[in-house]
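**Q** got a predicted model here, sequence first, then my questions.
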Amino acid sequence: MKLTWFGHSAFRIDYAGAVVMLDPFIENPTFRGDHKAAYAGATHVLLTHGHSDHIGSTLDICAATGALLVANPEVGNYLESLGVMNLTPINFGGQLDLGAITVAYVPAWHSSSHDPAGGTGRYLGNPGGMVVMAAGEKTLIHMGDTGIFSDMALIDEIYEPRIGIVPIGDRFTMGARLAAMACKRFYNFETAIPCHYGTFELLDPTADKFIAEMKGSKTKVLVPERGVAAEL
């Protein structure tokens, strides 16, 4: 698989037979590349929750590509009312076989609502994380926005993700210390990819603290360059 980070929590994962956009806030201020090229060929959009910095360009992507939206019912119904036509709902404990990929929705400790103007707006159900599985590939989890919680160990036991996309920016999610604790205590990642930092001044500006906290761990920390695909 190929993974491309566009800043914040926005990722593209290229699988054989699927192009997955995760929380595609590609118009964030740190990604200055071609937005349309970023989502070209997208087959699926996966949303962890309803905040505007995660829904991002979902409407544009779905309209331009016909990608299937996978989200909890509240987020899905809301975006359907705004024009998304191809969607399927998921919730905690559920797993979807989508052909080239299989997706599971797992808990996160956060909140979820949306207002196009950037406010708190409409309540959009419980936030979560997305587990993505594909034949011949390592299982990946995008934690979404979350604090640390001990049932992360149960998520690891059930799905055995080996690639973790981990929020580290602090204030609204785990900071470096708690993110590293989650990786070392509850997960058995081979690779941890930090996200949700450096986008706005309220967040930690770099991944340096997380890298330092992960020192001595068996888990490799990968900090991708924005817009540049990494082979995993």
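**A** Sure thing, it's come through. Residues are numbered from 1 along each chain as shown.

**Q** gap between the spatially most central residue of the chain and residue 201?
**A** The central residue of the chain, meaning the one whose C-alpha is nearest the mean C-alpha position (CA atoms, centre = their mean), is residue 142 at 4.1 Å. Between residue 142 and residue 201 the computed distance is 24 Å (CB to CB, to the nearest Å). Quick note: C-beta positions are derived from backbone N, CA and C, even for glycine.

**Q** now do the contacts for the residue nearest to the centre of the chain.
**A** 9, 11, 22, 23, 46, 48, 129, 130, 132, 165 (CB atoms under 8 Å, 6 or more residues apart in numbering).

**Q** repeat that with 10 Å
**A** Under the criterion of CB atoms under 10 Å, 6 or more residues apart in numbering, the contact partners of residue 142 comprise 9, 11, 13, 20, 22-23, 46-48, 54, 106, 108, 128-132, 161, 163-167, 193, 195.

**Q** now a PyMOL select for only the buried ones of those.
**A** Restricted to buried positions by 16 or more other CB atoms under 10 Å, the PyMOL selection for those reads:
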select buried, resi 9+11+13+20+22+23+46+47+48+54+106+108+128+129+130+131+132+161+163+164+165+166+167+193+195
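
**Q** in helices, which of the contacts of residue 142 appear?
**A** Restricting those to those inside helices, with DSSP state H as the criterion, leaves residue 54.

**Q** so which of the contacts of residue 142 belong to strands?
**A** With strands taken from DSSP state E, the overlap with these comprises 11, 13, 20, 22, 46, 106, 128-132, 163-167, 193, 195.

**Q** how near is residue 95 to residue 207?
**A** With the distance defined as CB to CB, residue 95 ends up 31 Å from residue 207.

**Q** with neighbour numbers in mind, choose between the two.
**A** The residue with more neighbours, out of residue 95 and residue 207, is residue 207; 23 against 13, by other CB atoms under 10 Å.

**Q** coming back round to it: now the residue nearest to the centre of the chain. Nearest residue, chain neighbours left out?
**A** Closest residue in space to residue 142, ignoring its immediate chain neighbours: residue 165 at 4.3 Å, by CB to CB, 6 or more residues apart in numbering.

**Q** tell me the pLDDT at the one you found?
**A** Residue 165 carries a pLDDT value of 99.

**Q** in this protein, where is pLDDT below threshold?
**A** When the per-residue scores of the chain are filtered using pLDDT under 70, the ranges that remain are 117-120.

**Q** which residues in it form helices?
**A** Taking DSSP H, the helices of the chain run over residues 35-38, 52-55, 58-65, 73-81, 152-159, 176-185, 208-213.

**Q** surely residue 218 meets residue 184?
**A** Yes: the criterion here is CB atoms under 10 Å, and residue 218 meets it with residue 184 at 8.8 Å.

**Q** which of those two has more residues huddled nearby?
**A** Using other CB under 10 Å as the criterion, residue 218 and residue 184 rank with residue 184 on top: 17 against 9.

**Q** which one is that one nearest to, not counting chain neighbours?
**A** With sequence-adjacent residues excluded and distances taken as CB to CB, 6+ apart, residue 184 is closest to residue 217, at 5.4 Å.
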